[in-house]
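Asker: next come a sequence and a model predicted from it.
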Amino acid sequence: MSFNFEENKTTTILGHSGCGKSTLLKLISGIIDPNEGTITVGNTSDRLGKIAYMQQRDLLFNWLTVKENAILPLRIKGNYKDFSDSDVLQKAKILGIENVLDYYPLQLSGGMKQRVAFLRTILQDSDFILLDEPFASLDAIRRLELYNWIENIKEKINKSFILVTHDIEEAIYLSDIVIIMLPGSNNFIHVKNITIPHPRKNSIITSQKFVKYKKQLLEDLQNVKNY
Amino acid sequence: MLKIINKLFNYFLEWYMAIIIFLILIVIWQLLSNFKLIEPWLLPSPIDIIKELINSKEFMIYHTGVTAIEVISGFLLAIVLGAIFGLMMNLSKVLQKSLLPYIIASQVIPIFALAPILIVWFGAGFLSKIIVVFLISFFPIVIGVFDGLKNYDTDMENLLKTMGANKIQIYLRLRIKLALPSLFSGIKVSSVSSVIGAVVAEWIGSKAGLGWIMKVSGPLFQTDRVFASILLLSIFASILFYVVKLLEINLSKINKGV
């Protein structure tokens, strides 16, 4: 299979459970290497440290404060000093977690922890951001809130997102391109462009265009099942 | 100051039953001696022991100091080498396979059998005592580090890798932190047994220390002196244990803020 992820766009990989979505993200991020073929970012296949990867669990370090957790990628690369506190604060504000920067993760709710993990992911100095069902553990209302925050933050940063999910609404809300992944096989099919303008608001969920996309994707997914 | 008093008071409230039982036992002990139910040369009364402590204050302080230096040196050596060996065995399978059998073997030889030889080899001074203390406290620490470093979280390590962390950073940021609780279990066990090690070594061959006092005072029926030494040893071992515990609370807490 061959696919180019476009810059400054959000691409969502949609597929049934167990079709290899998470494995694909592990491959892209560089945690595992492909048996055959190459994955390159820019001109190099050396990907570790170049792609931020937010996994399903929030994976916050319980012995570090929220702020220390968020700036961990900067500390590891040793470029925290080049980075201003005000930038961290500004992004934390957009995510609504500016008041808990000195708290420890265990003092926060699930939704907040997820936002902290998201902040940490976008603070990492990388052009690509991988999100592996990051909001699966949250309830519907929290998720809508988070989609809103993500839309707001995408305005501020120029980054390419690759999102993996099995939630059709999440896929439409957040992405420019939706790909449906075939179970067991090695092919992407049904690339769909979502042309709703950014930044999107929660009200789009009930818009006609949104519902139309949803219907199409649902059909596509069912077709994939019969493949 | 007020804070400390407050804390002590809370401590009393929490442990008052234990404290009352302790006081009752002391009173019974004192009464048994007062009414000459037990001969004082067999079991000196608490007051006699305190008197002995005060009368031979300088003598006691000197020998407590000797034992303390032996224990602390051997104990610190065991922590440093235990951490290094535990880490090395974690990093290299070859080192693990070649070292672990000897580390276990060093532990199955009774220290009582080994101590006389060590005293012949290294003399009756500090060095032989430090080696005995080291041998007795090394094992729990090295095993604590080794087992602790086996705890890891693949997802968290992958996360650090995607941030660009190298192996050293993964150890510093994550692995070692996750190993600290297990390391401290080992250190706590060792903190108590290291005192036993020093006394055993002093007993077998020395010219100073609380173990030496006990050895020479017993046959002379100076039981008050023996008991005074036991008291000082227990106090010293307790202090050592609580210092370690305090460090543990400050350093190894993984779930902060709860």
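Answerer: Everything's here; your move. Bear in mind the structure is a predicted one, so any value in this text is a computation, not a measurement. Residues are numbered from 1 along each chain as shown, chains lettered A, B, ... in the order given.

Asker: identify the residues contacting the spatially most central residue of chain B.
Answerer: The structure's chain B has its C-alpha centroid closest to B:S191; by C-alpha atoms, centre = their mean the separation is 1.8 Å. Contacts for B:S191 (C-beta atoms under 8 Å, 6 or more residues apart in numbering or on different chains) come out as B:F75, B:S137, B:A237, B:L240, B:F241, B:V244. Just so you know, the C-beta spots here come from the backbone N, C-alpha and C atoms, and that holds for glycine as well.

Asker: again, only using 10 Å
Answerer: By C-beta atoms under 10 Å, 6 or more residues apart in numbering or on different chains, the contact list for B:S191 reads B:71, B:75, B:78-79, B:137, B:140-141, B:184, B:237-245.

Asker: which of the residues you listed are buried, as a ChimeraX select command?
Answerer: Here is the ChimeraX command that selects the buried residues among the contacts of B:S191 (16 or more other C-beta atoms under 10 Å in any protein chain shown):
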select /B:71,75,78,79,137,140,141,184,237,240,241,244
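
Asker: narrow the contacts of B:S191 to those in helices?
Answerer: Residues of the contacts of B:S191 located in helices (DSSP state H): B:71, B:75, B:78-79, B:137, B:140-141, B:184, B:237-245.

Asker: now B:I69: which helix or strand?
Answerer: helix B:57-91 (DSSP states H and E).

Asker: give me the distance from that helix to the chain's centre.
Answerer: Distance, stretch centre to chain centre, for helix B:57-91: 8 Å (C-alpha atoms, centre = their mean, to the nearest Å).

Asker: show me what that helix is packed against.
Answerer: When contacts are defined as 3 or more C-beta pairs under 10 Å, 6 or more residues apart in numbering or on different chains; DSSP states H and E, helix B:57-91 sits against helix B:46-55, helix B:93-108, helix B:126-148, helix B:176-204, helix B:210-217, helix B:223-251.

Asker: check which helices and strands the second one sits against.
Answerer: In terms of contacts (3+ C-beta pairs under 10 Å, 6+ apart), helix B:93-108 is packed against helix B:57-91, helix B:126-148.

Asker: average pLDDT across the first one?
Answerer: By that I understand helix B:57-91. For helix B:57-91, mean pLDDT rounds to 95.

Asker: returning to that earlier point: any idea how far chain A is from the residue nearest to the centre of chain B?
Answerer: To chain A, B:S191 is 24 Å away according to C-beta to the nearest C-beta, to the nearest Å.

Asker: just B:L32 next, same as before
Answerer: B:L32 is 52 Å from chain A, where distance means C-beta to the nearest C-beta.

Asker: go on, B:L174?
Answerer: 8 Å.

Asker: with B:V258 instead?
Answerer: From B:V258 to chain A the distance is 5 Å (C-beta to the nearest C-beta).

Asker: same question for stretch A:116-135, mean pLDDT?
Answerer: Average pLDDT, stretch A:116-135: 89.

Asker: can you pull the residues of chain B lying near chain A?
Answerer: Residues of chain B lying near chain A by C-beta under 10 Å from any C-beta of the partner chain: B:153-166, B:169-170, B:173-174, B:177-178, B:180, B:251-258.

Asker: for the residue in chain A that chain B sits nearest to, which non-adjacent residue is spatially closest?
Answerer: Residue nearest to chain B within chain A (C-beta to the nearest C-beta): A:G49, separated by 2.5 Å. Nearest-residue entry for A:G49: B:G164, 2.5 Å, with adjacent residues in sequence omitted and distances by C-beta to C-beta, 6 or more residues apart in numbering or on different chains.

Asker: likewise for B:A201?
Answerer: Counting by C-beta to C-beta, 6+ apart, B:V132 is the residue found nearest to B:A201 once chain neighbours are left out, at 3.9 Å.

Asker: burial of the one you found, as a residue count?
Answerer: B:V132: 28 surrounding residues under other C-beta atoms under 10 Å in any protein chain shown.

Asker: tell me how far it lies from chain A.
Answerer: 36 Å.

Asker: re the thing from before, save the helices and strands packed on helix B:93-108 as JSON lines, and put in distance to A:D87 too.
Answerer: Output for the helices and strands packed on helix B:93-108, formatted as JSON lines (distance: least, C-beta to C-beta, whole Å):
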{"stretch": "helix B:57-91", "distance to A:D87": "37"}
{"stretch": "helix B:126-148", "distance to A:D87": "37"}
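
Asker: winner for burial among these?
Answerer: For the helices and strands packed on helix B:93-108, the largest average neighbour count (mean count of other C-beta atoms under 10 Å in any protein chain shown) is found in helix B:126-148, namely a mean of 24.

Asker: pull the distance from it to the chain's centre.
Answerer: Relative to its chain's centre, helix B:126-148 lies at 10 Å (C-alpha atoms, centre = their mean).

Asker: neighbours of residue 46, how many?
Answerer: By default, I'm working from chain A. Neighbours of A:D46 using other C-beta under 10 Å come to 11.

Asker: oops, I was thinking of chain B
Answerer: Per other C-beta under 10 Å, the neighbour tally for B:P46 reads 15.

Asker: that one against B:I26, yeah?
Answerer: Yes - here B:P46 lies in contact with B:I26, judged by C-beta atoms under 10 Å, at a distance of 5.4 Å.

Asker: what's the closest non-adjacent residue to B:P44?
Answerer: B:P44 sits nearest to B:D224 (C-beta to C-beta, 6+ apart), 4.0 Å away.

Asker: three-state assignment of whichever residue of the stretch 101-250 of chain B sits closest to chain A?
Answerer: Of all residues in the stretch 101-250 of chain B, the one sitting closest to chain A is B:G164 (2.5 Å; C-beta to the nearest C-beta). Following DSSP: H, G, I helix; E, B strand; the rest coil, the label given to B:G164 is coil.

Asker: so A:P199 sits against A:I94, correct?
Answerer: No - if you go by C-beta under 10 Å, A:P199 and A:I94 don't touch, sitting 11.3 Å apart.

Asker: in chain A, where is pLDDT below threshold?
Answerer: A:1-2, A:82-83, A:183-190, A:225-227 (pLDDT under 70).

Asker: same thing with chain B?
Answerer: Within chain B, no stretch has pLDDT under 70.

Asker: domain map for it?
Answerer: B:1-38, B:45-251 (automatic domain parsing).

Asker: ok, which of the ones you listed comes nearest A:E133?
Answerer: In terms of C-beta to C-beta, the element of those nearest to A:E133 is domain B:45-251, at 13.3 Å.

Asker: span of that closest one from start to end?
Answerer: This stretch, domain B:45-251, spans 42 Å end to end (C-alpha to C-alpha, to the nearest Å).

Asker: ok, now stretch A:72-88?
Answerer: End-to-end distance of stretch A:72-88 (C-alpha to C-alpha): 12 Å.

Asker: in that stretch, what's buried?
Answerer: Buried, per 16+ other C-beta under 10 Å, within stretch A:72-88: A:L72, A:P73, A:L74, A:R75, A:I76, A:K77, A:V88.

Asker: which residue, other than its chain neighbours, is closest to the third one?
Answerer: Spelled out, it's A:L74. Once flanking residues are discounted, A:L74 sits nearest to A:Y80: 4.2 Å by C-beta to C-beta, 6+ apart.

Asker: which residue ranges of chain A form strands?
Answerer: Per DSSP state E, chain A carries strands over the ranges A:10-14, A:51-54, A:128-132, A:160-165, A:177-181, A:188-193.

Asker: let's have these in TSV, adding distance to chain B.
Answerer: Below are the strands of chain A laid out as TSV (distance: least, C-beta to the nearest C-beta, whole Å):
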stretch	distance to chain B
strand A:10-14	18
strand A:51-54	4
strand A:128-132	8
strand A:160-165	13
strand A:177-181	21
strand A:188-193	23
